[in-house]
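>>> dropping the sequence and predicted coords here.
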Amino acid sequence: MVIELEYIFNNEGATLDFDFYIDLSAYSISGNKLFPKPFLVEGKVFNKTNIVRMKATAVSVMRTQCDRCAGDIEERIEVPVEHILVASLNDENNDDFILVESLCLELEPLITEDIFLALPSRILCKNDCKGLCPYCGQNLNNGQCSCQKPVDPRLEALKQLLDNQ
Ligand SMILES: [Zn+2]
Ligand SMILES: [Zn+2]
């Protein structure tokens, strides 16, 4: 989706609404599609007091696995996107603004990048996920296993020291 910005830049108060889909089904983790459904992107570009902004929301479903117990997770994901657009930049190294010298903005690569930057690095099936037993691999959310907790070797040495006194 490409948006022509000349009219927006030249007219204070101008607004342009947009909506489109971004298909990210090509991204998968161990064979499973991370985003089985396309993202619906809804937003607008508007000129307020001669500052041009793009604001949008990208919504889809993310399918992944719990970081602790490896259980399947499918949850709604909503990514807010907001950028200030400028037609020229004085300071080349300014990351706060999106430079659109051509006055044509290609939304898909920009919003795709925002989606990936917004993804949480760790996802849990629930906040208090108990994870897997490191010894037998049982999912501790389904109940305690019969493994004994190993004794801390430092405590064991201390115990022997005290016993021998
Ligand atoms: Zn979990
Ligand atoms: Zn166990």
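Structure received. Ligands and ions are numbered 1, 2, ... in the order given.

>>> how about the residues of this structure near ligand 1?
By CB under 5 Å from the ion, the part of the chain that sits against ligand 1 consists of 66, 68-69, 71, 125, 129. C-beta here means a position set from N, CA and C on the backbone, and glycine is covered the same way.

>>> distance check, Leu155 against Gln148.
Note on Leu155: its distance to Gln148, by CB to CB, to the nearest Å, is 14 Å.

>>> likewise for Leu105?
Counting by CB to CB, the gap from Leu105 to Gln148 is 61 Å.

>>> the more surrounded of these two?
Under the criterion of other CB atoms under 10 Å, the comparison of Leu105 against Gln148 puts Leu105 first, with 20 against 7.

>>> so what's the residue most central in space within the chain up against?
For the chain, the residue nearest the mean C-alpha position is Leu119 (1.3 Å; CA atoms, centre = their mean). Contacts for Leu119 were tallied using CB atoms under 8 Å, 6 or more residues apart in numbering; they are 62, 77.

>>> look at it and report its pLDDT.
Listed pLDDT for Leu119 reads 90.

>>> and for Pro150?
Looking at Pro150, its pLDDT is 67.

>>> how about the one 3 residues further on?
Note for Pro153: predicted pLDDT of 76.

>>> ok, and the closest non-adjacent residue to Asn32?
Arg63 (6.2 Å; CB to CB, 6 or more residues apart in numbering).
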